[in-house]
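# Sequence first, then the predicted structure, then my questions.
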Amino acid sequence: MSSFFRSLSGSGSSTPTTPPPPPLTTSIPTSPTILKPPTRPPPLEGEHLTLYQTVLDHFSPPDGSAYQLEGAEQGKEGLLRSESMWLTEDCLCRYLRAQKWDAETAITRIIATLLWRRETGIADDDGGEGSKEEGGGLLPGPLAEKSFDGDDFVVGWAESGHPLHYQYSARNTSNDPQTNLLASFWQLERVQDLMPAGVEKQILLVNFAGAMSAKLPSVTVIKGYIHVLGAHYPERMEKAIAINVPWMIHSLLKVVLPFMDPVTRAKLSFNEPTPFIPDEQLLLDFGGKLNLDPKTPEYRQNVIELCREKRKAYRERWVKDGSKIGASEWVLKGGDEGEKPVASTPFEVDVDVVEGLP
């Protein structure tokens, strides 16, 4: 188990000793060590079921007609396959919970997210084998490169199965706030790929060590991140832990926190121990034993290949389930198959150039 900020002392000596770090690895953990496996969410009942049905009927009309996206570019009002697959039962429920089960507001927010995903290109990102128009492929060019510069990445899981999403301000190589934001949410899409059946949220781990004032995010960037997270990724945060927080960030947070939803604000903590994350899944900086350089081509290829496999299986299950809006993520993630995590061995692939998921 991880014992973050553990006290190290040599037996019979008053001088603390620090053991040498484990060797640098280019492999990544491929499965969580879940102590209590998640179970399928219970079925909705009563008023919640009625409200969910209202939202579902909006995007999947009971008369069988095709839904037309309000506000979409003329001639492109129909949903992409990736968008229909994104509109799961769990997705609709996340928006309903975030809006205190106000169906009309949830519908408005979902429409806004569908448009945002198109504008940013994330709607083209379903990991399938189809054409670009059907949602095959990933974001190309500078954003894909930015997503692997080592400042924002995903690796490992907590014992609860929640994937670990790391951010390092000192490693940021871009001065474009929009690129930084989109790259971070591109990574959050990868985090979602790695969520086991029954898990809907991430654990965000932020290290500000070594970040000079020029590298620290501005109030505008922090507010923008919080806005996108709340508006387009509701109910996706289990916990956010920051370490080595400079006084400037503390000052910024005093400005930003009042604008944050109280439930989300309660999930933020600073320099908190992480005994709920196994050592082998947690990076050294946070007290674990995983010594990984996320800037290497090997890491990039390993995480892309792992996500590709999971996304392909997800899409195949969706097609098998009828390619319908309102599918269960428990089913799409393999929960009904009793899917067991692959063996906890390092994941290696041949070092070929991989530009993105299919």
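Perfect, I can see it now. Given the structure is predicted, the values throughout are model-derived calculations rather than measurements. Residues are numbered from 1 along each chain as shown.

# What ranges does the stretch 201-350 of the chain have for its helices?
219-232, 247-256, 262-265, 297-320, 329-332 (DSSP state H, counting those that start in this stretch).

# Check which helices and strands the fourth one sits against.
When you say that, I think you mean helix 297-320. With contacts taken as 3 or more C-beta pairs under 8 Å, 6 or more residues apart in numbering; DSSP states H and E, helix 297-320 sits against helix 81-86, strand 152-157, helix 177-193, helix 329-332. Quick note: C-beta positions are derived from backbone N, CA and C, even for glycine.

# what angle separates the second one from helix 297-320?
Same thing as strand 152-157. Strand 152-157 runs at 70 degrees relative to helix 297-320, counting by axes from the mean of the first three to the mean of the last three C-alpha atoms, to 10 degrees.

# Given strand 152-157, what are its sheet partners and their directions?
Using DSSP bridges, strand 152-157 pairs in its sheet with strand 163-168 (antiparallel).

# So, low pLDDT: which residues of this protein?
1-18, 124-147, 212-215, 338-358 (pLDDT under 70).

# The closest residue to Arg117 other than its chain neighbours - how many residues pack around it?
Take Arg117 and drop its neighbours on the chain: the residue closest to it by C-beta to C-beta, 6 or more residues apart in numbering is Ala123, 4.0 Å away. Here the number of neighbours of Ala123 (other C-beta atoms under 10 Å) works out to 19.

# Do I have it right that Ala123 meets Glu83?
Yes. Taking C-beta atoms under 8 Å as the definition, Ala123 is a contact partner of Glu83 at 5.9 Å.

# So Trp101, which state does it fall into?
coil (DSSP: H, G, I helix; E, B strand; the rest coil).

# and of the helices of the stretch 201-350 of the chain, who's closest to Pro61?
Between Pro61 and the helices of the stretch 201-350 of the chain, the tightest spacing by C-beta to C-beta is seen for helix 297-320, at 19.6 Å.

# Name the residues of the closest one that are buried.
298-311, 313-315, 317-318 (16 or more other C-beta atoms under 10 Å).

# re earlier: among the helices of the stretch 201-350 of the chain, which comes closest to Arg171?
With C-beta to C-beta as the yardstick, what comes closest out of those is helix 297-320 (13.3 Å).
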